[in-house]
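Enquirer: Dropping the sequence and predicted coords here.
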Amino acid sequence: MENPTLMIAAMAYPNIDPIALQLGPLAIRWYSLAYIVGLLLAWRYCRWLALKPPARLKPEAFDDLLLWATLGVVLGGRLGYVLFYKPLHFLDHPGEIVRLWEGGMSFHGGMLGVFLAMLFFARSRGVSFFTLSDIVGCAAPIGLFLGRIANFINGELYGRVAEDQNLPWVMVFPGGGAFARHPSQLYEAVLEGLLLFLILFLAAQRGALQRTGLLSGIFMLGYGLSRVAVEAFREPDDHLGFIVSTITMGQILTVPMVLIGIFLILWSRRTA
């Protein structure tokens, strides 16, 4: 944005130490804890949902899926970031690909990783992929919420400079210049995490599990619309900027999710 108005008031950025616990040379970061806690909570929630009608899967199935999903999230998320956002950088510095502790994960890559993990798992167990994805989709916002909170703690992926510097919730981020910015990580935590979780929870309670593919479609559509909306406030990656006009890479990667979500919701009407 050009010539932002002079900052008059802004919420103070909390400056939380990104290291949650230091044990000698071992540093446990909030970013890592977000992934671990998110996966564990999602696992327990999936087990609980599996007991709901029509109960086509046993809760124990998600004990085995947890390892598959963890590998899918970590490997897919990292490879997605490497390929979608910084391919040339990592081509010149391949050794940095394994430095997960430095951050750099792609939701879209992680989603593809989990998709493949669920696909192989469903085929090995002889169950419907969408029966599995309906339950996993309901739990995914848990990890999204915690991941965005970790992004906020790290002071990364912050928003654009606010046109109105007097908004009570904008803040000056370390490394983000002198002007107050939108805390877009918190916008995403609310929309992709809390709100989407609530919508899926209510839908599941009202019998959406009976319609194979419906909850998967709601998740895809809900996440897609949330991400497209928040990208309007989020600062584009420095090395990418805007791809076309004001369109970002995050929006481009999310459009297919919106279309797939709409298709699944319509398709699920045939499975009622």
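Expert: In hand now; what should we look at?
Enquirer: Can you point out the buried residues in the one helix or strand Leu253 maps to?
Expert: Using DSSP states H and E, Leu253 sits in helix 249-268. Judged by neighbour count using 16 or more other CB atoms under 10 Å, the buried positions of helix 249-268 are 249-251, 253-254, 257-258, 260-261, 264-265, 267-268. Any C-beta I mention is one placed from the backbone N, CA and C, and that applies to glycine too.
Enquirer: can you list the residues you listed in a markdown table and add distance to Lys86 and pLDDT?
Expert: Output for those, formatted as a markdown table (distance: CB to CB, whole Å; pLDDT from 0 to 100):
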| residue | distance to Lys86 | pLDDT |
| --- | --- | --- |
| Met249 | 11 | 80 |
| Gly250 | 14 | 80 |
| Gln251 | 18 | 86 |
| Leu253 | 14 | 84 |
| Thr254 | 19 | 90 |
| Met257 | 22 | 92 |
| Val258 | 25 | 95 |
| Ile260 | 26 | 95 |
| Gly261 | 28 | 96 |
| Leu264 | 31 | 96 |
| Ile265 | 34 | 96 |
| Trp267 | 36 | 94 |
| Ser268 | 37 | 93 |
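Enquirer: what sits against the closest residue in space to Lys52 that isn't next to it in sequence?
Expert: In this structure, Lys52 finds its nearest non-sequential neighbour in Leu209, 5.7 Å apart by CB to CB, 6 or more residues apart in numbering. Applying CB atoms under 8 Å, 6 or more residues apart in numbering to Leu209 gives the contacts 49, 52-54, 134-135, 215.
Enquirer: what stretches of this protein score poorly on pLDDT?
Expert: Flagging of the chain using pLDDT under 70 yields the residue ranges 1-10, 100-103, 238-241, 271-272.
Enquirer: Helices of that one, residue ranges please.
Expert: 30-49, 61-84, 87-92, 107-125, 129-154, 184-188, 196-205, 214-230, 249-268 (DSSP state H).
Enquirer: could you redo those as TSV and give each row distance to Gly177?
Expert: Converted to TSV, the helices of the chain look like this (distance: least, CB to CB, whole Å):
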stretch	distance to Gly177
helix 30-49	23
helix 61-84	24
helix 87-92	23
helix 107-125	26
helix 129-154	17
helix 184-188	15
helix 196-205	31
helix 214-230	20
helix 249-268	21
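Enquirer: Of those, which is nearest Ile19?
Expert: Among the helices of the chain, helix 30-49 comes nearest to Ile19, with 7.7 Å by CB to CB.
Enquirer: if we can go back for a sec, so which of the helices of the chain is nearest Pro174?
Expert: Nearest to Pro174, of the helices of the chain and by CB to CB, is helix 129-154 at 9.8 Å.
Enquirer: gap between that closest one and the chain center?
Expert: Remark: helix 129-154 is offset 6 Å from the chain centroid, using CA atoms, centre = their mean, to the nearest Å.
Enquirer: Quick one: list the elements packing against it.
Expert: helix 30-49, helix 61-84, helix 107-125, helix 184-188, helix 196-205, helix 214-230 (3 or more CB pairs under 8 Å, 6 or more residues apart in numbering; DSSP states H and E).
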